[in-house]
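1. Build me a model from this:
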Amino acid sequence: MSSAERVVFEHVTKRYPGTGAGNPGAVEDLSLEVPAGKVCVLVGPSGCGKTTSLKMINRLIEPTSGRILIGDRDIAQQDVIALRRGIGYVIQQVGLFPHQTVADNVATVPRLLGWDEGRRKDRATELLELVGLDPTRYANRYPSALSGGERQRVGVARALAADPPVLLMDEPFGAVDPIVRERLQNELLNLQEQLAKTILFVTHDIDEAIKMGDLVAVMQVGGHLAQFGTPDEILANPASDFVARFVGADRGLKRLALTRVDALELMPPVTASSGDDAADARRRALADPFPYLLLVDAERRPIGWVDQDDIPSSGTIGEDLATAMSPLFSRRTTLKDALAMLIEAEVHAGIVVDGKGAAMGLLTADMIFASSRDGRSPEARAGA
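-> Numbering: from 1, shown residues only. As a prediction, the model looks like this:
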């Protein structure tokens with residue numbers, strides 16, 4: 001197996017005793033394809049078949065009909081033990097072995113696969129570093145000594161130990177508080193940029209689905225697939241009243257979470273540094289529609305704003321003229337987060353900086369609002 005494989009559901013149905021052909025099952029005629037290296041989020045209300053669909057991939061539940069492929073192989077034709085060892089699995093309650101150290105927990109599947117001790121130790125060390133846990137501090141601890149977020153990271157490391165082509169995640173962050181949950185979400189997205197695994201992720205939270213998924217499968221009670229597409233497609237064009245109600249009336253605002261600052265053309269600021277000629281700075285500031293001059297240091301890092309009316313007509317510019325700073329955004333900040341930061345700071349514009357903190361341009365609330373009215377996808381905006 002390669003490091004990522006596609007997953008395909010072909011007319012998969014799961015019915016339990018007591019449900020006949022005319023009655024809804026746990027999953028009804030589910031067909032979808034998740035390309036290799038993509039994250040697909042299964043989302044919907046309780047009883048819609050999300051977890052059942054996930055568990056059919058590693059055959060914890062067997063389908064009544066249809067078939068599931070990993071790559072081009074029908075999982076029903078594979079040895080179930082070998083299949084499960086080749087699929088990473090992360091659940092809400094983590095399920096770490098309490099009597100084993102963190103390193104031993106991470107090395108569970110490599111141990112079952114017969115890896116030698118040195119290789120297991122090296123892999124555990126590598127993965128703990130990957131999920132942000134210092135091996136020298138955590139490798140010999142036991143799960144009871146970890147916080148909920150730390151246990152969840154160990155669970156992710158364990159699921160990745162044998163480099164599986166497919167990773168299944170069932171409400172993985174549902175048991176931690178909102179701050180830790182957001183941090184873990186961001187860490188998983190960063191990991192995915194490096195690893196490019198095929199991930200199927202179950203949640204009941206549409207905001208989490210939109211944030212985490214390259215593709216989103218919205219399911220409804222009875223195991224029916226209501227809509228399958230990119231987050232932007234689902235937010236922009238809900239396929240039914242059910243989908244529209246489920247994604248919420250604020251779907252326009254949710255779309256802002258899909259677009260990052262680097263997709264927009266920034267407003268160039270008028271800048272000056274301490275010691276620059278004040279008359280020249282005043283002339284340039286008055287000629288610009290934005291009513292402030294941005295004072296920067298020698299590396300173009302923002303220091304503060306100077307109202308164009310406060311710029312002296314002679315002499316030099318001094319740092320004492322600068323007033324409070326606007327929010328600073330990175331190019332990876334989402335427009336939703338940028339708007340929230342502007343509202344929190346009670347200002348109209350923020351400053352986009354590069355990795356070294358140098359000013360790249362301005363982002364205004366009006367630019368964000370204009371983007372929200374733009375019917376193009378985030379990818380199309382970025383390409384333009």
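
2. Quick check: phi and psi on Ile70?
-> Ile70 adopts backbone torsions of phi -110, psi 120, taken as degrees, to the nearest 10.

3. surely it meets Val166?
-> Yes - at 6.0 Å, Ile70 counts as touching Val166 under the criterion of C-beta atoms under 8 Å. Every residue, glycine included, has its C-beta placed from N, CA and C.

4. joint contacts of those two?
-> Shared contacts of Ile70 and Val166 (C-beta atoms under 8 Å, 6 or more residues apart in numbering): Glu5, Val7, Ile57, Ile87.

5. Which pLDDT does the model give the last one?
-> If you check Ile87, the pLDDT there is 92.

6. What are the structural domain limits within the protein?
-> Recorded structural domains for the chain (assignment: automatic domain parsing) are 7-259, 262-383.

7. Dump the ones you listed into a markdown table; add mean neighbour count as well.
-> Output for the domains of the chain, formatted as a markdown table (neighbours: other C-beta atoms under 10 Å):
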| stretch | mean neighbour count |
| --- | --- |
| domain 7-259 | 18 |
| domain 262-383 | 16 |
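
8. In the stretch 1-150 of the chain, what residue spans correspond to strands?
-> Assigned by DSSP state E, counting those that start in this stretch, the strands in the stretch 1-150 of the chain fall at 7-14, 27-34, 39-43, 65-70, 73-74, 87-91.

9. In JSON lines: these, plus distance to Val243.
-> Converted to JSON lines, the strands of the stretch 1-150 of the chain look like this (distance: least, C-beta to C-beta, whole Å):
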{"stretch": "strand 7-14", "distance to Val243": "19"}
{"stretch": "strand 27-34", "distance to Val243": "15"}
{"stretch": "strand 39-43", "distance to Val243": "10"}
{"stretch": "strand 65-70", "distance to Val243": "23"}
{"stretch": "strand 73-74", "distance to Val243": "31"}
{"stretch": "strand 87-91", "distance to Val243": "27"}
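
10. These: which one's closest to Ala103?
-> Closest to Ala103 of the strands of the stretch 1-150 of the chain, according to C-beta to C-beta: strand 87-91, at 17.5 Å.

11. partner strands of the closest one, parallel or antiparallel?
-> Looking at strand 87-91 with DSSP bridges, its partner strands are strand 166-170 (parallel).

12. gap between the strand it pairs with and the chain center?
-> How far strand 166-170 lies from its chain's middle: 15 Å, per C-alpha atoms, centre = their mean, to the nearest Å.

13. Between the two ends of stretch 128-144, what distance do you get?
-> Length of stretch 128-144, first residue to last, C-alpha to C-alpha, to the nearest Å: 17 Å.

14. what is the mean pLDDT for that stretch?
-> 91.

15. now stretch 259-271
-> The average pLDDT for stretch 259-271 rounds to 91.

16. try stretch 277-297
-> Throughout stretch 277-297, pLDDT has a mean value of 94.

17. could you dump it to PDB, C-alpha only?
-> Only the C-alpha atoms of stretch 277-297 are listed here, as PDB (Å, rounded to 0.1, in the frame of the first residue of the first chain):
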ATOM      1  CA  ASP A 277      11.000  63.800   5.700                       C
ATOM      2  CA  ALA A 278       7.600  64.900   7.100                       C
ATOM      3  CA  ALA A 279       6.600  67.000   4.200                       C
ATOM      4  CA  ASP A 280       7.100  64.200   1.700                       C
ATOM      5  CA  ALA A 281       5.200  61.800   4.000                       C
ATOM      6  CA  ARG A 282       2.400  64.300   4.400                       C
ATOM      7  CA  ARG A 283       2.100  64.800   0.600                       C
ATOM      8  CA  ARG A 284       2.000  61.000   0.000                       C
ATOM      9  CA  ALA A 285      -0.600  60.400   2.800                       C
ATOM     10  CA  LEU A 286      -2.900  63.200   1.600                       C
ATOM     11  CA  ALA A 287      -2.900  61.800  -1.900                       C
ATOM     12  CA  ASP A 288      -4.000  58.400  -0.700                       C
ATOM     13  CA  PRO A 289      -7.700  57.600  -0.100                       C
ATOM     14  CA  PHE A 290      -6.800  55.800   3.200                       C
ATOM     15  CA  PRO A 291      -6.500  58.600   5.800                       C
ATOM     16  CA  TYR A 292      -3.600  57.200   7.800                       C
ATOM     17  CA  LEU A 293       0.200  56.800   7.300                       C
ATOM     18  CA  LEU A 294       1.700  53.500   8.500                       C
ATOM     19  CA  LEU A 295       4.900  54.100  10.500                       C
ATOM     20  CA  VAL A 296       7.300  51.100  10.000                       C
ATOM     21  CA  ASP A 297      10.800  50.300  11.200                       C
END
